[in-house]
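Asker: turn this into a model:
(chains A, B and C)
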Amino acid sequence: MPTNRRSKTPRRKRMSSPSDTIAVDAHGHGEHDELVSHQFEDLNQQTEAYSVGMWIFLVTELMFFGGLFAAYVIYRGKYHEGFIEAHHHLNVPLGGLNTAVLLTSSFSMALAVRSSMLGKWKSQIAYLYVTLICALGFLVIKAIEYTDKYHHHLIPGPNFNTEAFKDKGGELFMSLYFAMTGLHGIHVLVGVIVISVLIVRTWINRNRTMDYMPIEMSGLYWHFVDLIWIFLYPLLYLIGRA
Amino acid sequence: MSQVADYPGSVHAAEKTNYLNAEHSIKSWLLTVDHKRIAILYLISITVFFIIGGSMAALIRAELLTPAGDLISSDAYNKAFTIHGVTLIFFFLVPSIPAVLGNFLIPMMIGARDVAFTRLNLVSWYLFTIGGIFTICCLVVGGVDTGWTFYTPYSSSFSNTSVVLAVTGVFIAGFSSIATGLNFIVTVHKMRAPGMTWFKLPLFIWSNYATACIMVLGTPVLAITLFLVGVERVGRIGIFDPALGGDPILFQHLFWFYSHPAVYIMILPSMGVISELMACFSRNRVFGYDFVAYSSLALAGLSFVVWGHHLFTSGQSVYAGMAFSALSFLVAIPSAVKVFNWTATMYKGTVVLDSPMLYSLGFLGLFTIGGLTGLFLASLAVDVHLQDTYFVIAHFHYIMVGGAIMGFLGGLHFWWPKMTGRMYPETFGKLSALTIFIGFNLTFMPQFIMGYLGMPRRYHAYVPEFQVYHVLSSAGASVLIAGYAFTIAYLLWSLRYGEKASANPWAAKGLEWETPSPPPTENFNYKPVVHEEAYAYEPPVEDPEEEAHELA
Amino acid sequence: MNPIPVWPDQASNFAQEVDLLYILLIGISAFFSLIVFVPIIIMVSKYRMGTKANRKLVHHHNLKLELAWTLIPMMMGVPVFLWAAKLFVDMYQPMEAKNALEISVIGKQWMWQLQHPTGQRENNELHVPLGRVVKLTMISQDVIHSFYVPAFRIKKDVIPGSYHSQWFIPTKEGKYHLFCAEYCGTDHSKMIGTVFVMKPEDYEKWLKNEQWGIGNLRRAETMKEAGERLFTELGCNSCHTVSGGGRTDKVPLAGVFGTERLLSDGRRVLADEEYVRTSIYEPDQMRVAGHNPIMPSFKGRVDEQQVLELITYIKSLSGGSKQ
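Answerer: Numbers count the residues shown, from 1 in each chain, chains lettered A, B, ... in the order given. Below you'll find the predicted structure:
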């Protein structure tokens, strides 16, 4: 059964990815402190597989946002005036603040990954907290912006204030704004959960050597979320100013 | 054949524990992370959807026996063809070969114990099932009538049916497809056994790899598009609504950006199966291995740049039309290369006409016709006349049913002994292959003629002069249904009463045949190391004296 | 029962050429089917297990052969593509014609509404004279439809929100089917009609005698006249002038149609049907440079039918269509 043929890797790192627990459950037995899931030969293969998998996942994410970016580009070409007019309804300083917040969080995430590689769990947790606070801050600022839009009837739908837009395409712009930032916001929310889990994990395993794969993967994800915002901010908030 | 005993796997054939009987509880199935068990779960689910979609087809063909819409109401008819398309495309054809045969075989063919991400694999089945439940709920609460293409603004603003449920179902199933694709890519890249280099891989792996790339790149775009349709329907947040300045044609672009490549998600794995079958039942190496392998990647690449050929009549610029037409012509080339190479594989081989080979030859015939009629539709001016007629229906059924399902059934028969440990009854197999081939041609050949005469698709009632062709088509459909029902019946029968299968009943090459049937949970009882090229079939020595004579 | 049809009627200038191309494609398909199917049959019978045959195969690949069956089909595809593309351009390009019969088409769930320039309205029927260039200007009121006349080999999607045009010349007298080819909901299959191709003199007679239209309200009106009436009724003339002279603060419309306009955002657009429709529904969308944004939107006040009539009228101010 699974455990027998597994190549014995020295237990210098501990990996407590939930995959082990479920795999073990399904097979009914197995050791809890397995380093490597049974399908892999060694930790190296596992690490590479997770890394390739993560990059492919990011590609799918890119395609996911890609559909919206395509729609944006086409409609911006079609309703040039309308888009420029409509973007004045967005709060540029708040958007800029959010950009700064997110960039900070990305930076601290990178530092957290570095700490993890060096095995410094205290600084790792500290950096993760900074990242978490920034992520929550981003969501709060976003919520303020959304509330503002709500009060001004700028959320597309039956209550949409069409009077606020002279040129055609305003409602489309706002639809795209909410679709794109909303989807991005969901990704930030997922990030918040992931970072929280990482903090708890790091704390629980503080006395052991950790596999830094999970945090490195989470870091990649977080940088991706940041990157999407780096595109969204100028496209939505800064049209026609460049 | 005698060389079976030479395979290392058969040494352990006496071991009684395999992936099927390792554990018996329902929980051990529902929480399994074994790729083989997940494949079986998928097989069961897609069979359910095949039956739902197939019954809808039966209803459609029954209605079309007479020109008047007298059997069911227009709304019922529209829902029938929508459910037919949605279930058979998103819940049968897309997962059929990758999620069943691919899941079962990819790790074994490359000598791995499992796919790279075993839990993700199970999650993908759950996503598929949840998506399927949404779709079935949609059926229960009254169905959906937009056609599987969900064209806006009909789907977003006009239809009174449960579009949101159906769209959600497809959306969720999309993530199952993404997860499967991601898993396969990583598995093929990182899990190959020592010695299994890229050009020793079975062509089934190549074509599934190409498929996985399409799934990963295309499905997210479909997901976001359907998401926007759902949002537009629920909250009047309009992206495609012309009343708000949106462009309904943009939906078509985004939709076909996925859904054209989706055609290749359906046909490429089938092509992989055919490569395996042609080699095994010709006892020969696949002719031009490199070309067959690269043509899969070429098809995957080209599939992303031809979506515009669905929009020739929708008012896109004539230049866009020309570019898409030219690219669509190019698609014919890698397809033709494959067909020629498969044919050449039989050259100087030893052709064994068992049921999988019959399916495979049937595939060659039907796929060739399907591909050639694709040229008609790629030709701009002819497409203007044929767009949205029964010619298109016939064309894509030749590819998707004649191609993808023939390939799936061929593969299912071929690997049935490996998956279940039982042989299916060979005579029945041949009989059903023949029935399905005849039934299929009788169903869809008349539709080409009807299409050129101008019979539009999705018509509940039609002008009487087309009746003759519709009657022929419906007659063919009943033969086809009989063929499918018969196949399902004897395959189920064989689970209990079929002859026990040896490790390698076809004397086939490939790692999956070197392990017992059914395989143990860990796939191999030893660590596979690959030295041989793929398909290292040797011509059988039938007459040793003659052989010796010729050598001398 | 009717005789079994095997070939659709050829009733437009495009039909014959499309058919020739189709026949060429059938020929190519037959050729390739033969070179696939015949070897399959030969090899299956020759190399079946148990037959005596030379099975000594040295090579499992052959570069020359691969290149041959890659390049030769590609070469064969080129002329077909070019011919099809040329014909496609012909189909969707405006036709040069002085006296084109301009018919407006409105698709809606689930009927076709057609109107002749002389005012006659038809539902699900279209009468056209033999041999004259017909131009269809089409728009949908709701979902996407598709105007399809198999005997003419023409098909064009009819889309809400923008005009699409189709030109053709009927070449054979007779009755032909008109279908909606794009699925549009419940009664999609009832959105069908008949196209009558008549001798020109019969067409003239039909124009005079036919009991067309819904009521006789517009019987005396041509589309241009209806447009002119609407122009006054809607008060367009308070801001627009239809002649060169008059008060200078009015925006002149004479001679505008078919010319290039410089817009306030710097774009240059051709003043075509689409332009006029947009100007009526969303005046700020394509405002001419130098004009004040004071024109109100007429969305909800004029329907697609009336817009088409207004367009016909405005077009007439420039001496008919200049395509």
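Asker: for the host helix or strand of B:Val216, buried residues please.
Answerer: Using DSSP states H and E, B:Val216 sits in helix B:203-235. Within helix B:203-235, the residues scored as buried using 16 or more other Cβ atoms under 10 Å in any protein chain shown are B:203-233. C-beta: built from backbone N, CA, C; applies to glycine.
Asker: that helix vs chain A: in contact?
Answerer: Yes. Interface with chain A: helix B:203-235 contributes B:216-221, B:223-225, B:228, B:231, B:235 (Cβ under 8 Å from any Cβ of the partner chain).
Asker: contacts for stretch C:106-118?
Answerer: Residues outside stretch C:106-118 that contact it (Cβ atoms under 8 Å, 6 or more residues apart in numbering or on different chains) are B:158, C:101-105, C:121-127, C:138-143, C:145, C:147, C:158, C:178, C:180, C:184-188, C:190-191, C:193, C:207, C:222-224, C:304-305, C:308, C:312.
Asker: among those residues, name the ones in strands.
Answerer: C:101-105, C:121-123, C:125-127, C:138-140, C:145, C:147, C:158, C:178, C:180, C:193 (DSSP state E).
Asker: need the contact list for the closest residue to B:Tyr154 other than its chain neighbours.
Answerer: Of all residues not flanking B:Tyr154 in the chain, C:Val143 sits nearest, at 4.2 Å (Cβ to Cβ, 6 or more residues apart in numbering or on different chains). Neighbouring residues of C:Val143 by Cβ under 8 Å, 6+ apart: B:151, B:153-154, B:157-158, C:109, C:160, C:184-185.
Asker: repeat the analysis, applying 10 Å as the threshold.
Answerer: B:151-159, B:242, B:248, C:107-110, C:158-160, C:182-185, C:188 (Cβ atoms under 10 Å, 6 or more residues apart in numbering or on different chains).
Asker: what does A:His152 give?
Answerer: Applying Cβ under 10 Å, 6+ apart, the residues contacting A:His152 are A:89, A:161, A:164.
Asker: that older thread, any of the ones in strands among the contacts of stretch C:106-118 buried? List them.
Answerer: So, by 16+ other Cβ under 10 Å, the buried ones in the ones in strands among the contacts of stretch C:106-118 are C:101-105, C:121-122, C:126-127, C:138-140, C:145, C:147, C:158, C:178, C:180, C:193.
Asker: which SSE is the residue in chain A positioned nearest to chain C in?
Answerer: Nearest to chain C in chain A, going by Cβ to the nearest Cβ, is A:Lys168, at a distance of 4.8 Å. Counting by DSSP H and E, no helix or strand carries A:Lys168.
Asker: of the ones in strands among the contacts of stretch C:106-118, which ones also sit close to chain B?
Answerer: C:138, C:140, C:147, C:158, C:180 (Cβ under 10 Å from any Cβ of the partner chain).
Asker: tell me the one of the residues you listed nearest chain A?
Answerer: Once Cβ to the nearest Cβ is applied, the member of those that ends up nearest chain A is C:Ser140, at 18.9 Å.
Asker: quick check: the closest one touching C:His164?
Answerer: Yes. Judged on Cβ atoms under 10 Å, C:Ser140 makes contact with C:His164 at a distance of 9.3 Å.
Asker: and the stretch 151-300 of chain C, which residues reach chain B?
Answerer: C:151-166, C:176-177, C:179-192, C:282, C:285, C:299.
Asker: run through the residues of chain A sitting next to chain C.
Answerer: Near chain C, when you scan chain A using Cβ under 10 Å from any Cβ, you find A:78-82, A:84-85, A:165-169.
Asker: mind listing which of those are in helices?
Answerer: Of these, the ones assigned to helices by DSSP state H are A:78, A:80-82, A:84-85.
Asker: so which pair among these is furthest apart in space?
Answerer: Within these, two members stand farthest from each other by Cβ to Cβ: A:Lys78 and A:Glu85, at 14.0 Å.
Asker: shared neighbours, the two?
Answerer: A:168-169.
Asker: ok, the two, which is more surrounded?
Answerer: A:Glu85 (21 against 17; other Cβ atoms under 10 Å in any protein chain shown).
Asker: doesn't A:Gly169 make contact with the more buried one?
Answerer: Yes. A:Glu85 is within contact range of A:Gly169, at 8.2 Å (criterion: Cβ under 10 Å).
Asker: can you show me the strands along the stretch 201-323 of chain C?
Answerer: C:240-241, C:251-252, C:260-262, C:268-270 (DSSP state E, counting those that start in this stretch).
Asker: in CSV, list those strands along with mean pLDDT.
Answerer: Conversion of these to CSV gives the following (pLDDT from 0 to 100):
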stretch, mean pLDDT
strand C:240-241, 81
strand C:251-252, 79
strand C:260-262, 84
strand C:268-270, 84
